[in-house]
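> sequence and predicted structure below; questions after.
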2 protein chains.
Amino acid sequence: MSTKKTSLKDIAQKAGVSTALVSYVLNGKEKESRVGQEIAIKIRQIAAELNYQPNHLAKSLRSGKTHTIGLIIADISNPFFANIARVVEDEAKHNGYTVIIGSSDENADKSRDLLDVLINRQVDGFIIVSSEHSELQIHYLKDKNIPFVLLDRYFPEIQTDFVSTDHYQASYEAGVHLIKNGYRRIGMIAYDSQMFHMQERIRGYLDSFENNKLESKKSWLKQIRITNIENGVKEAIDELMNANEPVDSLLFATYSLAINGLKYINELKLRVPADLGIVSFGQAEVFELYQCPITYLKQPIVLLGKTAVELLVKKLKDNVNEPAQILMKAELIERASSESKPNSSI
Amino acid sequence: MSTKKTSLKDIAQKAGVSTALVSYVLNGKEKESRVGQEIAIKIRQIAAELNYQPNHLAKSLRSGKTHTIGLIIADISNPFFANIARVVEDEAKHNGYTVIIGSSDENADKSRDLLDVLINRQVDGFIIVSSEHSELQIHYLKDKNIPFVLLDRYFPEIQTDFVSTDHYQASYEAGVHLIKNGYRRIGMIAYDSQMFHMQERIRGYLDSFENNKLESKKSWLKQIRITNIENGVKEAIDELMNANEPVDSLLFATYSLAINGLKYINELKLRVPADLGIVSFGQAEVFELYQCPITYLKQPIVLLGKTAVELLVKKLKDNVNEPAQILMKAELIERASSESKPNSSI
């Protein structure tokens, strides 16, 4: 469509400044180089008038790199992923990369579409929060030698780089914490999912009984469909509370499960922790502003996001391929919702 | 890198099924066509083994379209934008488009980078939640005839298509609601921003006094820097509550301001609404789970997102260019946080 392409020099001449200055401004570096705001605005205005278009594509053809990272998250409307996306973006920017995001909505088909779209758009590499049944996509990336790092979730049977919370350990600690504080009939509400991170969270919960030589009941573990969260959580809580021996506490395996559970617990006018102790995975503003502050497992969002970017950038820059599999510890933030039972003893 | 490209036919032969069936499965349409899950998995496995890569680029070169929409939001870690992104994605998918998301973090430079990156990656068009000082980018898109629709925010001095909440009307109604319920010293905490939507929210608040012939004080309006939310909100609340005549109610101009304010109000052990009535823009789970349910202005997230996609898709498909400027009404959801003062009269 265009005739002659506008160069930085054209803009510099018209603005009466140096080409270097134009380059600084148009690359968003005016702050570092202390260019006055008026000059920066003038340069941008002239650039717009002259239809200047930075030629990323040409640059990347020369370098073979686009300096773009594709980030695929499992659900953009979940604050955990939205916040981690923010961290990935900030860290990528520090390293000179732009992030393009796609959300798979926990759907493997959608995640495959996004990968296709982003591969065709020549991102240099991927950071991926995998959805269930997406193993083939990971094999595909490996086969094609497309650099990627898995974030927060991984497939133990596939050799990949990943950065993840130690989901087993976190869940185990939550169980032990409740036991120590005098709770004995601890329920867990989790997803009905084959994803490894969810299996690990369940395993940690179960082991917290076993290693403390306490009995647990199968009926205390409720697994619900991700497509039926609201009703699933209600039914689970009804069953757990209407049993002959109702549970005295609950571990929520995810933030979304907790939100729905906490709403329903309010509706039922249950008192926390007197009627029901609570611990949840994930962090959320809600946990601070609830009727009673909620104990939660704080996932290391900033460290997870930063490390994922670092690993990927190292792969991209140095073409290094040492395997890196990093598990990080979640921190149990103790609040009133799981405080010691009055007559607790262990 | 590849030698001979794998075709759908190659996969069909190896799987012993029809090419049409392979196409269905690899385009994620097995549900509609009732293909058995086992066959679908087998087809995908063979596709992966044979290194099949769907050739979107070739397809788009034929059609001149990539069927990709670029969505630029102002801050991915804000649930309002994250939720609207989810709606845009769902609606785009219904229309056969994939969405690539970028978050500008309310920063015009970053938003320009994202536009550059996505234009070079040949998205068909944009949906944009603009950040402050990004007017030149909008002019640029217009000059280049790149289709776009502005979402939630627009520049009244630039002729563009947009879908937005009527920010003035919403804020005005919040003010009138508080006045009607007996509040007289109504404070507002807003951003110090030249963005039109923020100016409109402030104007609506001020007019609610004027049109009801009530006096308002300049000192009741606090405008704080988006880079200093936490401390800014605390200082604002301190000033408003420690004045000779403290305010009796507060209107928060955004969700983020409200979250910070509600935390601090908890710290100060103020009772809502007895000590302080509250109304906030935006919807959030927190508003339901606070010490007292919070009255809020519910922005029409689903309708905003859907309409933006509809408008953009119409532009892309029919090359229609009728201007469309749509304002939608926010709904005041009345909860206990702003209930009538015991001795209220108007």
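Now that the structure is in, tell me what you want to look at.
> show me where chain A has strands.
Using DSSP state E, the strands of chain A run over A:68-73, A:98-103, A:125-128, A:148-151, A:162-165, A:186-191, A:221-224, A:249-252, A:277-281, A:295-298, A:325-328, A:331-333.
> okay, those strands, which one's buried deepest?
Among those, ranked by average contacts under mean count of other Cβ atoms under 10 Å in any protein chain shown, first place goes to strand A:249-252 (a mean of 29). In this view, the C-beta of every residue, glycine as well, is placed from N, C-alpha and C.
> is that strand anywhere near chain B?
No. Remark: strand A:249-252 sits outside contact range of chain B, by Cβ under 8 Å from any Cβ of the partner chain, the gap being at least 13.7 Å.
> could I get the average pLDDT for that strand?
What strand A:249-252 shows for mean pLDDT is 98.
> need the helices for chain A, in chain order.
For chain A, the helices defined by DSSP state H occupy A:8-15, A:19-26, A:37-49, A:56-63, A:79-94, A:108-120, A:135-143, A:167-180, A:196-210, A:229-242, A:255-267, A:285-289, A:301-318.
> and residue A:283, what's its pLDDT?
If you check residue A:283, the pLDDT there is 81.
> my bad, should have said residue A:78
Here the pLDDT value assigned to residue A:78 is 86.
> now it: how far from residue B:200?
Going from residue A:78 to residue B:200 by Cβ to Cβ, to the nearest Å gives 31 Å.
> who has more neighbours, the two?
Of the pair residue A:78 and residue B:200, residue A:78 is the one with more neighbours under other Cβ atoms under 10 Å in any protein chain shown, namely 24 against 21.
> now that one: closest residue in space that isn't a chain neighbour?
residue A:256 (6.3 Å; Cβ to Cβ, 6 or more residues apart in numbering or on different chains).
> what does the stretch 101-250 of chain A put close to chain B?
The stretch 101-250 of chain A comes close to chain B at residues A:101-103, A:105, A:109-110, A:112-114, A:116-122, A:136, A:139-140, A:143-144, as judged by Cβ under 8 Å from any Cβ.
> buried by neighbour count, from the residues you listed: which ones?
Using 16 or more other Cβ atoms under 10 Å in any protein chain shown as the burial test, those include A:101-103, A:105, A:109-110, A:112-114, A:116-122, A:136, A:139-140 as buried.
> quick check: beta-bridge partners of the nearest residue to residue A:183 once chain neighbours are set aside?
Spatial nearest neighbour of residue A:183, chain neighbours left out: residue A:249 (4.1 Å); criterion: Cβ to Cβ, 6+ apart. Per DSSP bridges, the residues bridged to residue A:249 are residue A:186, residue A:277.
> residue ranges in chain A under the pLDDT threshold?
By pLDDT under 70, the low-scoring segments of chain A are A:1-5, A:27-34, A:53-64, A:320-321, A:343-346.
> and if we set it to 50?
A:1-3, A:56-62, A:346 (pLDDT under 50).
> how's it carved up into domains?
Domain assignment of chain A by automatic domain parsing yields the ranges A:8-54, A:65-165+A:301-327, A:167-299+A:332-338.
> distance between the shortest one and the chain's centre?
On the basis of Cα atoms, centre = their mean, to the nearest Å, the separation between the geometric centre of domain A:8-54 and that of its chain is 37 Å.
> again, but for the last one
Domain A:167-299+A:332-338 sits 20 Å away from the centroid of its parent chain (Cα atoms, centre = their mean).
> what about that domain, start to end distance?
With Cα to Cα, to the nearest Å as the measure, domain A:167-299+A:332-338 spans 20 Å from end to end.
> leaving aside the residues next to it on the chain, what's closest to the residue nearest the centre of chain A?
Geometric centre of chain A, nearest residue: residue A:81, 3.5 Å, by Cα atoms, centre = their mean. The shortest distance from residue A:81 to any non-neighbouring residue, by Cβ to Cβ, 6+ apart, is to residue A:73 (4.2 Å).
> look up how far residue A:101 lies from that neighbour.
Counting by Cβ to Cβ - residue A:73 and residue A:101 are separated by 7 Å.
> ok, now residue A:212?
For residue A:212, the distance to residue A:101 - Cβ to Cβ - is 42 Å.
> run a quick neighbour tally on the closest residue to residue A:187 other than its chain neighbours.
Leaving aside its chain neighbours, residue A:187 sits nearest to residue A:247 (3.8 Å; criterion: Cβ to Cβ, 6+ apart). The local packing of residue A:247 (other Cβ under 10 Å) involves 23 other residues.
> quick one: residue A:247 and residue A:219 touch, right?
No. The criterion here is Cβ atoms under 8 Å, and residue A:247 misses it with residue A:219 at 9.4 Å.
> so residue A:206 versus residue B:257, what's the distance?
Here residue A:206 is placed at a distance of 43 Å from residue B:257 (Cβ to Cβ).
> same deal with residue A:129?
Per Cβ to Cβ, residue A:129 is found 29 Å from residue B:257.
> which ones are touching residue A:201?
Residue A:201 sits next to A:167, A:168, A:170, A:171, A:190, A:253, A:281 when contact means Cβ atoms under 8 Å, 6 or more residues apart in numbering or on different chains.
> pull the number of nearby residues for the closest residue to the fourth one other than its chain neighbours.
The shortest distance from residue A:171 to any residue other than its chain neighbours is 3.0 Å, reached at residue A:204 (Cβ to Cβ, 6+ apart). Other residues near residue A:204 come to 23 when the count uses other Cβ under 10 Å.
> residue A:204 contacts residue A:169, doesn't it?
Yes. Here residue A:204 reaches residue A:169: they are 6.6 Å apart, a contact under Cβ under 8 Å.
> wait, does stretch A:291-301 contact chain B?
Yes. Using Cβ under 8 Å from any Cβ, stretch A:291-301 reaches chain B at residue A:291.
> how far does that stretch sit from the chain's center?
Here the centre of stretch A:291-301 is set off from its chain's centre by 16 Å, with Cα atoms, centre = their mean.
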